[in-house]
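coordinates only, sequence not included:
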């Protein structure tokens, strides 16, 4: 299925969860915020949150510093 991640189409498996997507994009060990269809998805729900065709996903990487 096709989803849109940060403005670009991406093909993922049809049974993918938010956690699968994060792993596919190599974000699993990084501090990120995940927004799907304009709703923030807490990390505690990533394993159970099923993605759907045409979901609009924004992944924001936290950057430390001062």
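Right, received. Where do you want to start? In this text the structure is predicted, and so the values were computed from the model without any measurement.

so what's residue 43 up against?
Counting by Cβ atoms under 8 Å, 6 or more residues apart in numbering, residue 43 touches residue 34. All C-beta spots, glycine's among them, are computed from the backbone N, C-alpha and C.

and it, backbone torsions?
phi -50, psi -30 (degrees, to the nearest 10).

what about the closest residue to residue 40 other than its chain neighbours, is that helix, strand or coil?
Nearest residue to residue 40, sequence neighbours excluded (Cβ to Cβ, 6 or more residues apart in numbering): residue 33, at 6.6 Å. Taking DSSP: H, G, I helix; E, B strand; the rest coil as the rule, one finds residue 33 in the strand state.

Quick check: pLDDT value at residue 33.
On pLDDT, residue 33 comes in at 97.

State the distance from it to residue 14.
Plainly put, residue 33 is 25 Å away from residue 14 if you go by Cβ to Cβ, to the nearest Å.
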